[in-house]
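Peer 1: compute the structure for the input listed below.
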Amino acid sequence: MAADARSLRGLLADELVQSQQSGHDVDAGLLAVIQAAISEEAGEEAELGDLYRRLEAAPLRADWSFYEPSTLPEIMAAAGPGPRAVGRSGPEDLEDRILAAWLGRCAGCNLGKPVEGYGWNRLKLRTYLETAGAFPLEDYLPVLDPMPEEFVLNPCWPVATRGRVDGMARDDDTDYTMLGLKILEKYGPGYTSADVGYEWLSGMPYKTVYTAERVAYGNLVLGLQPPATATYHNPYREWIGAQIRADIFGYVAPGDPATAARLAYQDAALSHTANGIYGEMWAAALIASAFSASDAREAAEVAMSVVPSRSRLAASLRATLHAFDAGHTWEEAIASMEARLEGYDWVHTLNNAEVVMAALLWGDGDFGRTIGLAVEGGLDTDCDGATAGSVFGALHGTKSLPGHWVDPLHDTIHSALLGFDGASITDLAHRTAALARGAAG
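Peer 2: Next up is the predicted model:
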């Protein structure tokens, strides 16, 4: 997981990984000095800062074939060819689909919360589920009693496991969805990244945000403004944090993925760059497409059209889509992703986007199977379950959500966001639908 956002030594270690994964040529001499500083063999604060600046200045490798811009005009110009819209959802079922998306997001998030982090991965999770007689996942996670010592659940498990779910447990994935709703209601579609920063500081406690968001939050406190908030000592700028904030922008632009992506950009640019930004734009476009696509396959293809075609995210998404079209199994597709992206953190945008896409494709129109596969991918389980559930709800509506998944939510979300704890999911969906209808008008 991420280093302490206040530790320059830890940030430098993570920046080295980020720099190398994004194609920068770190020469052997600089690499040796950085590695020595990281290992605490050398390096005071001033020296660490100088090493950080030198690392940031490293040029791209001559053989680097990806093109990954971070400004909106450049991103849209570099986006892949293909359909940018699939037509708006009919007004007769819009609110139902939005409610289903909210409910699906909550159920999927709750499902994944107990096995987020704490040493869990795909194979370990499968072993646990098989031991518990719960593979494949068809309900919330069961708790073994006694719990074998090799399995450690996330501390949230008492409120997010089978028989214990009582509302949507507090989670940053849903905090951000509600915050996005607040921002759109307050500022409208012309909101700015600076507006997002103001609302973070006004309503989100510092310790309820993580990785790139925590660094950006600290940068705001220091007085930095976007886009510097996303780049100053922020090695997590291509991780999943922006992708989990996308949903509201898809909800308010049903059938209009290009608009959803543009809305998502302003949010993402506060804390992320390149593939981190694309992840949020892609997820927003995917949800927007789901409102009127015929199936997950169509929604997935349309959403890819907002991602720069020569980016690593585009390559990852194409690989998963190709595996599906070629008739590979879900296990084969995920194993291929793990091999291709070996070394990427479990909360990076690329690998988690593939897990979400695979869950929707191989989920085959079944809600439990879809969010189950998203969690069984074993990466950022609550985030992936939430996004897959959100897309599924937008695609299929409330009648597709079995009661054993949504009834325990009791129409309630718990939240750290100021003024939103105990909010009604139905009310949030109604407010969201009002924004969507306004955009359509």
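Peer 1: which element, helix or strand, includes residue 322?
Peer 2: helix 312-325 (DSSP states H and E).
Peer 1: just after that helix, pick out the following helix or strand.
Peer 2: Following helix 312-325 toward the C-terminus (DSSP H and E): helix 330-340.
Peer 1: show me what that following helix is packed up against.
Peer 2: helix 312-325, helix 349-362 (3 or more C-beta pairs under 8 Å, 6 or more residues apart in numbering; DSSP states H and E). Bear in mind the C-beta positions are built from the backbone N, C-alpha and C, glycine included.
Peer 1: so for residue 127, which of these sits nearest?
Peer 2: Among the helices and strands packed on helix 330-340, helix 349-362 comes nearest to residue 127, with 18.4 Å by C-beta to C-beta.
Peer 1: contacts for the helix or strand following that closest one?
Peer 2: Counting by DSSP H and E, the next helix or strand C-terminal to helix 349-362 is helix 367-376. Helix 367-376 is contacted from outside by 104, 107-108, 111-112, 115, 122, 125-126, 129, 136-139, 330, 355-356, 358-360, 362-363, 381, 384-385, 387-389, 392, 396, 400-402, 405, using C-beta atoms under 8 Å, 6 or more residues apart in numbering.
Peer 1: redo that, cut-off 7 Å
Peer 2: Counting by C-beta atoms under 7 Å, 6 or more residues apart in numbering, the neighbours of helix 367-376 from elsewhere in the structure are 104, 107-108, 111-112, 115, 122, 125-126, 136-138, 330, 355-356, 358-360, 362-363, 381, 384-385, 388-389, 392, 400-402, 405.
Peer 1: give me the ChimeraX select line for the residues you listed, limited to the buried ones.
Peer 2: Applying 16 or more other C-beta atoms under 10 Å to the contacts of helix 367-376, the buried members can be selected in ChimeraX as follows:
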select :104,107,108,111,112,115,122,125,137,330,355,356,358,359,360,362,363,381,384,385,388,389,392,401,405
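Peer 1: what's the closest of the helices and strands packed on helix 330-340 to residue 179?
Peer 2: Residue 179 lies closest to helix 349-362 among the helices and strands packed on helix 330-340, at 19.7 Å (C-beta to C-beta).
Peer 1: chain center to the closest one: distance?
Peer 2: Relative to the chain's own centre, helix 349-362 is displaced by 10 Å; criterion: C-alpha atoms, centre = their mean, to the nearest Å.
Peer 1: what angle sits between that helix and helix 312-325?
Peer 2: 20 degrees (axes from the mean of the first three to the mean of the last three C-alpha atoms, to 10 degrees).
Peer 1: output the contacting helices and strands for helix 349-362.
Peer 2: helix 274-290, helix 296-303, helix 312-325, helix 330-340, helix 367-376, helix 381-396 (3 or more C-beta pairs under 7 Å, 6 or more residues apart in numbering; DSSP states H and E).
Peer 1: just send the ones you listed back as CSV, with distance to residue 263 and mean pLDDT too.
Peer 2: Conversion of the helices and strands packed on helix 349-362 to CSV gives the following (distance: least, C-beta to C-beta, whole Å; pLDDT from 0 to 100):
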stretch, distance to residue 263, mean pLDDT
helix 274-290, 7, 97
helix 296-303, 14, 96
helix 312-325, 18, 98
helix 330-340, 28, 98
helix 367-376, 24, 98
helix 381-396, 15, 98
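Peer 1: can you list the ones you listed in a markdown table and add distance to residue 50?
Peer 2: Below are these laid out as a markdown table (distance: least, C-beta to C-beta, whole Å):
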| stretch | distance to residue 50 |
| --- | --- |
| helix 274-290 | 24 |
| helix 296-303 | 42 |
| helix 312-325 | 29 |
| helix 330-340 | 34 |
| helix 367-376 | 42 |
| helix 381-396 | 35 |
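Peer 1: on the three-state scheme, residue 264 is what?
Peer 2: Assigned by DSSP: H, G, I helix; E, B strand; the rest coil, the conformation of residue 264 is helix.
Peer 1: isn't it up against residue 247?
Peer 2: No - when contacts are counted by C-beta atoms under 7 Å, residue 264 is not listed as touching residue 247 (9.3 Å).
Peer 1: all strands for this structure, in order.
Peer 2: Per DSSP state E, the chain carries strands over the ranges 412-413, 423-424.
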